[in-house]
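can't give you the sequence, but here's the structure:
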């Protein structure tokens, strides 16, 4: 059973470009969470999705950031017009049901130059 | 508001014990513990759901005091592989499945 998969693992974007981060949950998991981690800091919740629905996006900036989890395919975190402050590691996690443990993917390290 | 972890950092000799604490100002539904090594993803250790629950996994165990809104992670006879940053993630009542993580405790085990 493959774990949570994220791609790309490393992404370099210039200021103003768009970044698309993909997350495929573990097989059988329908709950996906996105977190951001700055160097030497903890994980900050961004958004919680189930298939085709955003359940909680309270941790996601209102502008430039969006997330989706379509019926088919991976969950996508999209950052438009990236700025240097967006540079961070973005982790997604999945769980089989609400209230269960979350398993993390390897993360995407975004660098904005 | 994120839970508070203590200590922020600890250095151990192989074979020594350590306790990491996690305190929240909110009423908790569950506490999740993770270990993260530098440059890697957090790895799930255990989840505690009920007040007063204790769990163990080999030489790592944890307790959850719902009334005090606290959880502690116990590392006994530490091994070199225990080195990393430990995070608690708390789930508050009526907050869905959103986890709020503490700032982490850096643990270094030396030979």
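Arrived safely. Quick caveat: nothing in here was measured; it's all calculated off a predicted structure.

wait, what's in contact with the most centrally placed residue in chain A?
For chain A, the residue nearest the mean C-alpha position is residue A:34 (3.8 Å; CA atoms, centre = their mean). Shown here is residue A:34, whose contacts under the criterion CB atoms under 8 Å, 6 or more residues apart in numbering or on different chains are A:23, A:45, A:46, A:47, A:49, A:60, A:67, A:75, A:77, A:90, A:91, A:92. Just so you know, the C-beta spots here come from the backbone N, C-alpha and C atoms, and that holds for glycine as well.

ok, and the closest non-adjacent residue to it?
Of all residues not flanking residue A:34 in the chain, residue A:46 sits nearest, at 4.4 Å (CB to CB, 6 or more residues apart in numbering or on different chains).

the one you found and residue A:28, how far apart?
Taking CB to CB, to the nearest Å as the criterion, residue A:46 is separated from residue A:28 by 23 Å.

more neighbours: those two, which one.
Using other CB atoms under 10 Å in any protein chain shown, the more surrounded residue of residue A:46 and residue A:28 is residue A:46, with 22 against 9.

tell me what the residue nearest to the centre of chain A is bridged to.
On the basis of DSSP bridges, residue A:34 takes part in beta bridges with residue A:47, residue A:92.

need the pLDDT of the spatially closest residue to residue A:38 that is not a sequence neighbour.
Leaving out its chain neighbours, the residue that sits closest to residue A:38 by CB to CB, 6+ apart is residue A:88, at 5.1 Å. Per-residue confidence for residue A:88 comes out at a pLDDT of 96.
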